[in-house]
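Would you be able to build a 3D model of this:
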Amino acid sequence: MDMEKLVALCRRRGFIFQSSEIYGGINGFWDYGPLGVELKKNIKDAWWQDMVRNPPPGPEGQEIEMVGVDCSIIMNPKVWEASGHVGGFADLMVDCRACKAHLRADQVTALMYTIRWNDDQGPHSVPVIFSGVGDVEEVKRINAKVIEKAKKANTGRGWPNHMDTTRLNDSTILDEHYAKIPCPSCDQCGTLTRPRAFNLMFESHAGAIQSEENKVYLRPETAQGIFVNFKNVLDSTRLKLPFGIAQVGKAFRNEINPRNYIFRSREFEQMEIEFFCHPDESMKWYEYWRDVRIKWYYSLGIRSERLSIRNQGSKELAHYSKATADIEYEFPFAEERQELEGVAHRGDFDLNAHMAKSGKDLSYFDEELWAKADKSPYGGDKKKEQEAKSKMPYRFVPHVIEPSAGADRFTLAVLCEAYTEDKIPDEKGVPQERIVMKFHPRLAPMKAAILPLVNKEGMPEIAQKLYRELKSEFNVFFDDGGAVGRRYRRQDEIGTPYCFTIDGQTLQDQTVTLRERDTTQQTRVPLKTVAEELRKRLRPGG
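Residues are numbered from 1 along each chain as shown. So this is what the prediction gives:
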């Protein structure tokens, strides 16, 4: 698929615009147009309905309890100190002194050195990211990923398992060559600064005075708002473990190099769940959410051959994670599949971190287990009972499973998946090329179009009445301009799954033509059942 064609369609038809376009735009920010905002809202609504209001049954048919929150974008800075974002949420970057470009170090190929070796099949090589400065542990992790990829690519081609990997952390390797490195933007040599850590959080100030004391951050993720409200949710509801807290909201990351349309931008939207469970059952719930989430993408029309799930290796995992699975999609702009969602076993890291920073108790007391406990050993001594209640197994810090999906990334995946060029016959049977957006009906911005065949003989009046009836429940479109064939093509291009045409036969038997977008098949349905027919086709599993 040609990404340029998709981007052009999205602008022409009002899906996505460049932010502040009349002023030349701003890198890493995008606006959703009339159709785009409907598409993205449908995605978020489908996620909320399927994961929060009506999640699939758990293991052994267990009912899943879920609630939602909507937390503020700006929170107390101590939240980000406790989570580790203030001290460690950074990328390595370099600057060009000549053209003033800011570049991610791992995107500058000249900042990589190459391991080369020879065998009887010829020369081989693999690039490894320079790791002389910055977050050494992070670069080690990236290097390990690169080497693992090279090993797979060179299976049976003499990969030197005895290779001396201590060279990976030797900063002197690059020193003698640094002055010869060209800037990717202006091609001048010797103008790049040394890589340095760059914090990705946007800073601001709360209050009238801009000082260190008033510094705040735009949240880089939505998860922490859930963690700091864990006790509030627990105390204000009757929830018992296991249960989940969900949130859909904006997050902000000052990406050094935003790219690939809306895939990596500086302002984006997340759909996140923090599912709290007993430590002994955490792996069971991790597997449950991992399987539920990839099935959800399948259910909304993402083809299985473009979608896969990859379990992270031990060297990739965050220090607090016991397991993480990346759900990845084959986007047309990348050679490798890119992450749509991560399902992470976060253990008890976050709640413990906030307990240590705030001094507040965020543990969970199992009232049902205590009610069943044998209390005879305490002899009615309330002090001993209180001491027992404060310890395992009655009180503990829950483990957390986190399915974290990008609303913008899935929107892009839906657009890529839907874009289709095919040929269909016109009124004379001659094949004509068309562009059709084959959205899943639940996600389509417009659910149906109402078309009077001609603007006479009472057809417009019947069409208007049907349009008013349907628009109270669905997002529908009324179109009476031009030949009906051209109107069908317009609806195909914006992804409208169904068209209802009022024609001459409607006047005779009160039926309308139902035309399906993907197949162009036409059938007759009673006028009075159009709403129910549409309702049936749009419901989950319909």
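
any idea how far E269 is from the residue nearest to the spatial centre of the chain?
Nearest to the geometric centre of the chain sits G406, at 1.5 Å (CA atoms, centre = their mean). Using CB to CB, to the nearest Å, G406 is found at 7 Å from E269. Backbone N, C-alpha and C define where each C-beta goes, glycine included.

Contacts only, for the nearest residue to Q510 once chain neighbours are set aside.
Leaving aside its chain neighbours, Q510 sits nearest to L527 (4.8 Å; criterion: CB to CB, 6 or more residues apart in numbering). The contact partners of L527, by CB atoms under 8 Å, 6 or more residues apart in numbering, come to I462, L466, T506, Q510, T511, V512.

Can you tell me which of those residues are buried?
I462, L466, T506, T511, V512 (16 or more other CB atoms under 10 Å).

OK, contacts around the fourth one?
Applying CB under 8 Å, 6+ apart, one finds that T511 lies in contact with Q505, R524, V525, P526, L527.

distance between stretch 397-414 and the chain's centre?
Per CA atoms, centre = their mean, to the nearest Å, the displacement of stretch 397-414 from the mean C-alpha position of its chain is 5 Å.

Apologies, that question was intended for stretch 16-27.
With CA atoms, centre = their mean, you get 23 Å for stretch 16-27.

what about it, average pLDDT?
Average pLDDT, stretch 16-27: 94.

ok, now stretch 255-265?
Stretch 255-265 comes out at a mean pLDDT of 87.

Flag every buried residue along that stretch.
Of all the residues in stretch 255-265, those buried under the rule 16+ other CB under 10 Å are E255, I256, N257, P258, Y261, I262, F263, R264, S265.

who touches that stretch?
Counting by CB under 8 Å, 6+ apart, 3, 7, 16, 27-30, 91, 93, 102-104, 107, 198, 200, 266, 268, 331, 333-334, 338, 408-409, 411-412 sit against stretch 255-265.

what number of residues lie near D95?
D95 has 18 neighbouring residues, counting by other CB atoms under 10 Å.

OK, contacts around the closest residue to it other than its chain neighbours?
Leaving out its chain neighbours, the residue that sits closest to D95 by CB to CB, 6+ apart is T193, at 4.7 Å. In this structure, T193 makes contact with V94, D95, C96, R97, judged by CB under 8 Å, 6+ apart.

give me every residue that touches L466.
I450, F500, I502, V512, L527, V530.

The nearest residue to S321 once chain neighbours are set aside in helix, strand or coil?
Spatial nearest neighbour of S321, excluding adjacent residues (CB to CB, 6+ apart): A344 at 5.5 Å. Judged by DSSP: H, G, I helix; E, B strand; the rest coil, the three-state class of A344 is strand.

okay, now A344: neighbour count?
Counted with other CB under 10 Å, A344 comes out at 25.

Same question for K536.
Count around K536 with other CB under 10 Å applied: 10.

how close does it get to V476?
16 Å.

just G379 next, same as before
Taking CB to CB, one finds G379 at 72 Å from V476.

Neighbour count for these two, which is higher?
Neighbour count, other CB under 10 Å: between G379 and V476, V476 has more, with 21 against 8.

contacting residues for the more buried one?
M446, K447, A448, A449, I450, Y467, L470.

Quick check: nearest residue in space to the fifth one, chain neighbours excluded?
The reference is to I450. Y467 (4.4 Å).

and that neighbour, what element?
Using DSSP states H and E, Y467 sits in helix 459-471.

how much distance is there from the next helix or strand after that helix to the middle of the chain?
Sequence order places strand 476-478 as the next helix or strand after helix 459-471, per DSSP H and E. Put simply, strand 476-478 sits 30 Å off its chain's centre (CA atoms, centre = their mean).
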